[in-house]
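Asker: fold the following.
(2 chains)
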2 protein chains.
Amino acid sequence: MQIAIVLFNRLTALDAIGPYEVLSRVPDAEVVFVAAQAGPLRTDNGRLGLLADAALDEVRAPEIVLVPGGPAVGSDDDSPIVAWLRAVDATTRWTTSVCTGSLLLAAAGLLNGRRATSHWLAYERLSALGATPVSERVVVDGKYMTGAGVSAGIDMGLTLAAAIAGDEVAQGIQLALEYDPRPPFGAGSPRTAPAAIVEARRAASRFTAAA
Amino acid sequence: MQIAIVLFNRLTALDAIGPYEVLSRVPDAEVVFVAAQAGPLRTDNGRLGLLADAALDEVRAPEIVLVPGGPAVGSDDDSPIVAWLRAVDATTRWTTSVCTGSLLLAAAGLLNGRRATSHWLAYERLSALGATPVSERVVVDGKYMTGAGVSAGIDMGLTLAAAIAGDEVAQGIQLALEYDPRPPFGAGSPRTAPAAIVEARRAASRFTAAA
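Answerer: Residues are numbered from 1 along each chain as shown, chains lettered A, B, ... in the order given. Down below sits the predicted model:
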């Protein structure tokens, strides 16, 4: 079972690596990292280099595709990825995203009229692209599974692992990753974070308002 | 403030990338990925390539050092890293680890008689190396901060971000990462996972029993 995870410059690393760490442990899964061209890419802050092992045109029929997000999603650079997502979606078993990766699925026309999620700052943008934004950690609509912001990729990865390999496999992976989260603060959602912190993030985002 | 994250072949990616995603967002932090030699490295399953931007001997006085773990920790290949950890620890503000990375700190003699944690399967090994294993998500003893298995690096990263930059900065990062975890199962700890799954993992581990 081939699982293609898309990389691009300025992606948010944890969007991709959280679900990778889960999905690469599913028996018989073969994870491949794909990008417009094979070779090194840099994450959003430039501090981490990741290697893509295959070019998009070398991976034509993955059973599962996963696209992460990043602060630059929505630029012209997206077009090869958007076209590829539209093409491979014709034969995928699951088409999935984490964070603002759902904006790429929506730009490909794959989420028209579907329930989907994204980073909490990107709901308006997701709606403008034809999807129905839902404020949930993981959203499933048909074969489309979308995760909320960044760290939600771990929850989405486990949900996907259970869907493809069963609950016991997913639970074994959760235990191996010791995924028993204990955030030191309760600030992980705009519903629970201090209002001033929520407003500061909203003001700085290019995904909200007139951005 | 320089934060050095150590890479090596067969590391577990999320051990490093979870805290990286947090710490790279701390104002004035400069994260650098270091390895025995600069260049590409492969994670535990070989499916992901990460780039180290600096060799160990190019990074001599980081204020914070973080060492991830992996299934091969404890081999002879560790020795350059262990020697480097011992050397840079002389001037660090914080010396930290995620998962079996604590075995490298302990091998360097830095955890002698200290409370520390590790992956739940590695407590015996940690004890044999002179530390006092503690089954907690994040353990602080002096300037030594250790995180539990794999995903605990996110909790440790936020705890460390709060220690160096204050609670509000850490909360803002938590919100940006939408770290409001909702694991689909409760199997993330040996205390909560089904007994058969715990035993299967224990039987397969090289860190327990006579391994």
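Asker: can you give me the helices in chain A?
Answerer: Along chain A, counting by DSSP state H, helices occupy A:13-23, A:79-88, A:101-107, A:123-128, A:152-165, A:167-176, A:195-204.
Asker: would you format these as a markdown table with mean neighbour count, distance to chain B and mean pLDDT included?
Answerer: No exception for glycine: its C-beta is placed from N, CA and C like everyone else's. Shown next, in a markdown table, are those (neighbours: other C-beta atoms under 10 Å in any protein chain shown; distance: least, C-beta to the nearest C-beta, whole Å; pLDDT from 0 to 100):
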| stretch | mean neighbour count | distance to chain B | mean pLDDT |
| --- | --- | --- | --- |
| helix A:13-23 | 29 | 4 | 98 |
| helix A:79-88 | 18 | 19 | 97 |
| helix A:101-107 | 27 | 13 | 97 |
| helix A:123-128 | 18 | 12 | 96 |
| helix A:152-165 | 25 | 5 | 98 |
| helix A:167-176 | 23 | 4 | 98 |
| helix A:195-204 | 14 | 5 | 94 |
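Asker: now tabulate these in JSON lines and tack on distance to A:Gln37.
Answerer: JSON lines is the format used below for those (distance: least, C-beta to C-beta, whole Å):
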{"stretch": "helix A:13-23", "distance to A:Gln37": "17"}
{"stretch": "helix A:79-88", "distance to A:Gln37": "9"}
{"stretch": "helix A:101-107", "distance to A:Gln37": "17"}
{"stretch": "helix A:123-128", "distance to A:Gln37": "27"}
{"stretch": "helix A:152-165", "distance to A:Gln37": "24"}
{"stretch": "helix A:167-176", "distance to A:Gln37": "31"}
{"stretch": "helix A:195-204", "distance to A:Gln37": "31"}
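Asker: measure A:Ile3 to chain B for me?
Answerer: From A:Ile3 over to chain B the distance is 9 Å, taken as C-beta to the nearest C-beta, to the nearest Å.
Asker: contacting residues around that residue?
Answerer: Residues near A:Ile3 by C-beta atoms under 8 Å, 6 or more residues apart in numbering or on different chains: A:23-24, A:26, A:29-32, A:62-66.
Asker: wait, which of these is closest to A:Asn112?
Answerer: A:Val65 (17.5 Å; C-beta to C-beta).
Asker: just to revisit the earlier point, quick one: buried ones out of the contacts of A:Ile3?
Answerer: Among those, those scoring as buried are A:23-24, A:26, A:29, A:31-32, A:62-66 (criterion: 16 or more other C-beta atoms under 10 Å in any protein chain shown).
Asker: taking those one by one, which sit in strands?
Answerer: Taking DSSP state E as the definition of strands, the buried ones among the contacts of A:Ile3 contribute A:31-32, A:64-66.
Asker: quick check: A:Gly130 touching A:Ala106?
Answerer: Yes: between A:Gly130 and A:Ala106 there is a contact under C-beta atoms under 8 Å: 5.9 Å.
Asker: report the set of residues contacting both of the two.
Answerer: A:Asn112.
Asker: is it possible to get CSV of the contacts of A:Ile3 that adds distance to A:Asn9?
Answerer: Formatted as CSV, the contacts of A:Ile3 follow (distance: C-beta to C-beta, whole Å):
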residue, distance to A:Asn9
A:Leu23, 23
A:Ser24, 23
A:Val26, 28
A:Ala29, 26
A:Glu30, 25
A:Val31, 20
A:Val32, 18
A:Pro62, 21
A:Glu63, 26
A:Ile64, 23
A:Val65, 19
A:Leu66, 18
